[in-house]
Structure formats: C-alpha cells, structure tokens
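Asks: Requesting a structural model of the entry that follows:
(4 chains)
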Number of protein chains: 2
Amino acid sequence: MAEKTVTFKDTIDDSLPTPLYHQLYVLIREKIFSGVYANAVLIPTEKELEKMFDVSRITVKRALDELAKEGLVSRQRGRGTTVTFTNPVSHSSGNMAGLIEDMQNIAKETTVTILEFDYIKAPPQAVDALKLEPAAIVQKAIRVRHKDDTPFSYVITYLPEEIGRSFKYEELEAQPILALIERSGIAISRARQTITATLADSVTGSTLRVNIGSPLIKVTRIVYDTTDKPVEYITIYYRPDLYQLNLDLSRMKGLQSNFWTAIP
Amino acid sequence: MAEKTVTFKDTIDDSLPTPLYHQLYVLIREKIFSGVYANAVLIPTEKELEKMFDVSRITVKRALDELAKEGLVSRQRGRGTTVTFTNPVSHSSGNMAGLIEDMQNIAKETTVTILEFDYIKAPPQAVDALKLEPAAIVQKAIRVRHKDDTPFSYVITYLPEEIGRSFKYEELEAQPILALIERSGIAISRARQTITATLADSVTGSTLRVNIGSPLIKVTRIVYDTTDKPVEYITIYYRPDLYQLNLDLSRMKGLQSNFWTAIP
DNA sequence: CACTATTTGTCCGTATGTATG
DNA sequence: TCATACATACGGACAAATAGT
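Replies: Numbering: from 1, shown residues only, chains lettered A, B, ... in the order given. Have a look, this model is predicted:
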C-alpha cells in the first residue's frame, strides 16, 4: 500500500514583487483562518520560523507584528506568540429562504452610504448584460454597506434608465434596490450570479478599509423579470474576513438555499 | 433632482507593501477583466497614465510591460497599447443538475495529479468538521486538477479513516472521490459549502502557477450522508481567471442550480 | 530566591529593490 | 543614464520579560 509521507514544506518565494514579510504574513494568516494554528496555542517562535522559511528574523518579526496589529495574534516577550482568533466553524444557522428574500433581512441590520449616483452612457459590460442599445443611458449607483460602522460590501448597480427614474436618490438610502424595482411594477423572476475572487484596488480597498492587494469576493449578478428582460446588472465586492457565501446542497432537490453570514 | 457627476478618479496608494507598478498592473488588469477597457481599444498612453496616477513613467511602463507579458495587451511603439483580451460575457450554458452530478462531468474533461496521500492524526479543523475524536486518524489527500495541462484547482480532502481505507491511492487518480465514497456503501445526501476569497501562498501559488498574492476562490465543503454523519471535509482553491462559480436563482423555488464554468 | 534558557523588543551596519526627477 | 531617497532584507548584538529548575 502506497502511503507516501510527504513532508508538507511551505516555502516563500524571493523572486516576486510582494515583500517577503507580506508573503509570510499571508501564509501564517491562512493557517490561522484554516485552523492549523488554532486559537490560544503558541505558534512557532521567531527563530523557528526563521529556519522554516529561511528568512531573517526581521522579516519574521515584521510578519508577526502585522498579525498582532490586526489582532490575530498576541505577542509577549519571553513567552511567544499566541493565536487570538477563533475561526468561525460551520455555522448551523437554520435554513432560510432564497437570496432575494435574504437580502431584505441584511438590509435591516446594516446601513448604506451612497458614493455615486448618476445617469451615464452605459459602459460596454452594462450594455451587454442589460441588452441595451450601444448609446443607451443607465443609472449607475455605487453604494457601500456597513455593519456596525465597518464596511463589508462595495456595490455597483446599473439599471435601465426608465427603471432608475422611478425612484429618487434619497429612497436608495432607505430601501433595497430590488424592492424599488418591484415597486415600479416589475416582477422579478430569476437571477444569474457569478462568484469569483479578485484583489482590492485603490478604490475598493480604501472604501472597504483593506489594503490594496487584499483578496475580495466579487459577485456579478444579472436580475431578470418574468418576461426574461434583464432589469439590473450588479457587481458586489465583499470583504472575505467579514462575509462569506454559504450554500446548502442536496442530492435530491438541487440547491436548497444560499445565504451570507457575518463572521463575528 | 440630485444627479451628482462624480468623476471616478482611481488612485494608487504609496503607503503600502505592494510595489506601485504592481498596484497599477492590478488596477488596469481589473479594468480589462471588467470590460471598462474593452478588447481592441487603446488604453491611455504612458504619459496620460503618468498624470492620472501621479507616478513616474518608469512605473507606468513596468505595469504595462507586465500586462503585455501576460498577453492582456499589445504594445506598439508610436501607436499605443491595445487590449487583446475579450472578457467572457455571461455564458448562458443550459441548466444543469446540482453540484454533485456536475462534478462527475468535470472529472471527465480534466486530469488529476495527486500531490499527497497519507493517513495522519486529524488536524483541528478536520476533527471539528468531521466530528471525530481528538486523536482520530484521517486520510488526507492533496490533488491538483488540470484542464489542458493548466492547473485550475488545488484540492485538500480529509476522510474518516474507515472510508479512506475502502479505496486505494491509484483509484483516486481515476475516479471522483464522491464516487469512491458512495462505492463504499455510503449514501450521500447533502453538503454545506462556504465560498470566500483568499491570496495564493507559496504552495497554492506555485502549484496553480500564479504569483504569490494572487486572488484565489476558496471553497470549503462538508459532505453528509443520509444519517447526517459528515463523511468528507474538503477545501478547494480555484484560479479565478480559469474558473467561476455560477448560480441560478429563482424567486419561486429557491436556488435552481450551481455550476462551475471554464473561462476560455 | 537566584540562575538559566527561551523568546521577543530594540538597535546597528550594510546590501539590494523600488521610485522619483 | 544618473543621482537620490526610501523600503526591504540580511546578519548580528544586546536588553528585557517569561518560565522552569
């Protein structure tokens, strides 16, 4: 029986744009999040990490200091570095309705700031998604959603002009956009959503208060009405440390539910 | 009516670990992927970018050179820099069955390499997910899935020992792991899956052939049998430039399907 | 209560990479 | 291309806090 014992040796790469201390920071942080370094346990000492990754102590120290600054570890001289983060284990929150209903619950617990609200010539991706004429006008809105004063999502929406005109700037602050769309007499039937990962740039990074180059969950969604006409094109960036997408799958009936959970 | 015309001025941040040329590279790349800079159009000249982001020409040049090296743009002296990438617009691939069935289709079009295969003392997150005794033994396997010789996913699976022992190392190369679990007499009923974003570290980065610090989609899944006993704990890292998660949502019946699509 | 090994905090000198003008 | 400034990374030295003998 072939049971190979592969020693899992992590390495960091010197021939890359990202600084070593940041690579190390990411690597250790990932171990904390994934539970390899569990809460309250001592992680390897500076000297050990120095040998493990073949870098200088200054580099190790800086990586650990950054982790400490983010509150993921606590450092004490003479003692070592301990993890101060309990990774959120599989939340078994009960089943929920679909995303559309769920979004209205999120809206109740969070606040919205509007960064941009404008009618513009539709950019190519909006023309494509909303099946518009090339020079069509769309309503573009950029909103940031906060929970307890911490921003967790950056939302760009494009609506066909006639739908956008059915509500005012001020209403967007108080109500979810799907509710406003429905109020204008449109019956929403389905949505197609794509989930991927990207890096924070200067705009999303500073707005969501994360470093440029931090990972973000990117969700793109096109919402259709009952006549299969696209009525909303939306792009959302989520902070993965604050929000995650959960899916419940079932063999019998296909997907059951999906919902976002806050990470405490 | 308050129609503010917000000039969307992107900036890059000097007070950050990532080099400026790399921040600029990420920023422009994102514009290309999102369709702001569509295929075949000229992007701003070096001098314009220099002024837009308030950096030196050397920095701009390096960012554009990196984009050219990746084949996203084409540079011609005296002409400018043109985008040579068509962003994949909403694939309307027909509806599909749930993830469990879909994975078997993926298996047919791709190849698997096993990096690690071992029986080890369960790490804390596996103990928690699989509801094991603290010192229990689990089968840990790390596999990389390729499509056309390009790696697109890095998969870590943990199985309770008795399930793992029901098949051999060699079988894992040929068959999807869920099929092997079912063959051992276990009836799979449901799964809970969490999707988030993370950064490539040295291991995932080099295996998936992306730079350290590149964004990756991270999926964590716990699969349960019909008695609600967890039978598999799995973590997958996907390259977001090659694979995306798609969800079809419906107001009436909850989620309809979810599937991964390759990006051409 | 020292004594000691361990571990982190602070500092220095130097070499290299990044970015500006 | 050059000169300059700053960040990154290295090796080393010493100080201060901690835990165990």
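Asks: Could you use CA atoms for every contact and neighbour count after this?
Replies: Noted.
Asks: Just list the residues touching A:Ala197, thanks.
Replies: A:Pro215, A:Leu216, A:Ile217, A:Lys218, B:Thr196, B:Ala197, B:Thr198, B:Pro215, B:Leu216, B:Ile217, B:Pro240 (C-alpha atoms under 8 Å, 6 or more residues apart in numbering or on different chains).
Asks: ditto for A:Ala187
Replies: A:Asp225, A:Thr226.
Asks: Summarise which helices and strands the host helix or strand of A:Tyr158 is packed against.
Replies: Assigned by DSSP states H and E, A:Tyr158 belongs to strand A:150-160. If you count contacts as 3 or more C-alpha pairs under 8 Å, 6 or more residues apart in numbering or on different chains; DSSP states H and E, strand A:150-160 packs onto strand A:137-147, helix A:202-208, strand A:230-238.
Asks: Would the helix or strand hosting A:Thr220 count as contacting chain B?
Replies: Here A:Thr220 sits within strand A:215-225, counting by DSSP H and E. Yes - between strand A:215-225 and chain B, judged by C-alpha under 8 Å from any C-alpha of the partner chain, the touching residues are A:Pro215, A:Leu216, A:Ile217.
Asks: Neighbour-wise, which one of the residues you listed leads?
Replies: A:Leu216 (31 neighbours; other C-alpha atoms under 10 Å in any protein chain shown).
Asks: in the sheet, who's paired with it?
Replies: A:Leu216 forms beta bridges with A:Thr198, as assigned by DSSP bridges.
Asks: The nearest residue to A:Pro19 once chain neighbours are set aside: what's it in contact with?
Replies: Residue nearest to A:Pro19 in three dimensions, not counting chain neighbours: B:Pro17, with 6.7 Å by C-alpha to C-alpha, 6 or more residues apart in numbering or on different chains. Residues near B:Pro17 by C-alpha under 8 Å, 6+ apart: A:Thr18, A:Pro19, A:His22.
Asks: In three-state terms, label the first one for me.
Replies: Secondary structure state of A:Thr18, per DSSP: H, G, I helix; E, B strand; the rest coil, is coil.
Asks: Near the residue of the stretch 101-250 of chain A at minimum distance from DNA strand C, how many other residues are there?
Replies: Closest residue of the stretch 101-250 of chain A to DNA strand C, C-alpha to the nearest atom of the strand: A:Ile212 (12.4 Å). By other C-alpha under 10 Å, 23 other residues sit near A:Ile212.
Asks: Can you classify it by secondary structure?
Replies: A:Ile212 is classified as coil under three-state DSSP.
Asks: A:Ala200 is in contact with A:Ile212, correct?
Replies: Yes - look at A:Ile212 against A:Ala200 with C-alpha atoms under 8 Å: they come within range, at 4.9 Å.
Asks: which of the residues in the strand holding A:Tyr158 are buried?
Replies: By neighbour count on 16 or more other C-alpha atoms under 10 Å in any protein chain shown, the buried set for strand A:150-160 is A:Pro151, A:Phe152, A:Ser153, A:Tyr154, A:Val155, A:Ile156, A:Thr157, A:Tyr158, A:Leu159, A:Pro160.
Asks: so where's chain A shaky on pLDDT?
Replies: In the predicted model of chain A, residues A:1-11, A:15, A:87-109, A:246-264 satisfy pLDDT under 70.
Asks: What parts of it come near DNA strand C?
Replies: Counting by C-alpha under 7 Å from any atom of the strand, the residues of chain A close to DNA strand C are A:16-17, A:44-47, A:58, A:61, A:65, A:75-81.
Asks: Show the buried residues in the residues you listed.
Replies: A:Pro17, A:Glu46, A:Lys61, A:Asp65, A:Arg75, A:Thr81.
Asks: A:Ala40 belongs to a strand?
Replies: No - counting by three-state DSSP, A:Ala40 is not part of a strand but coil.
Asks: Assign a three-state SS to A:Val60, would you?
Replies: helix.
Asks: And the residue nearest to A:Pro19, how far from B:Thr111?
Replies: According to C-alpha to C-alpha, to the nearest Å, B:Pro17 and B:Thr111 sit 37 Å apart.
Asks: Same check on A:Arg79?
Replies: 47 Å.
Asks: Next: A:Lys31.
Replies: In terms of C-alpha to C-alpha, A:Lys31 sits 28 Å off from B:Thr111.
Asks: Which one of those two is surrounded by more residues?
Replies: Using other C-alpha under 10 Å, the more surrounded residue of A:Lys31 and B:Thr111 is B:Thr111, with 17 against 13.
Asks: excluding its backbone neighbours, what's nearest that one?
Replies: B:His146 (5.2 Å).
Asks: Quick one: neighbours of that neighbour, just the number.
Replies: Neighbours of B:His146 (other C-alpha under 10 Å): 18.
Asks: ok, back up a step: what does the strand holding A:Thr220 contact?
Replies: Strand A:215-225 is touched from outside by A:129-130, A:186-200, A:230-240, B:196-199, B:215-217, with contacts defined as C-alpha under 8 Å, 6+ apart.
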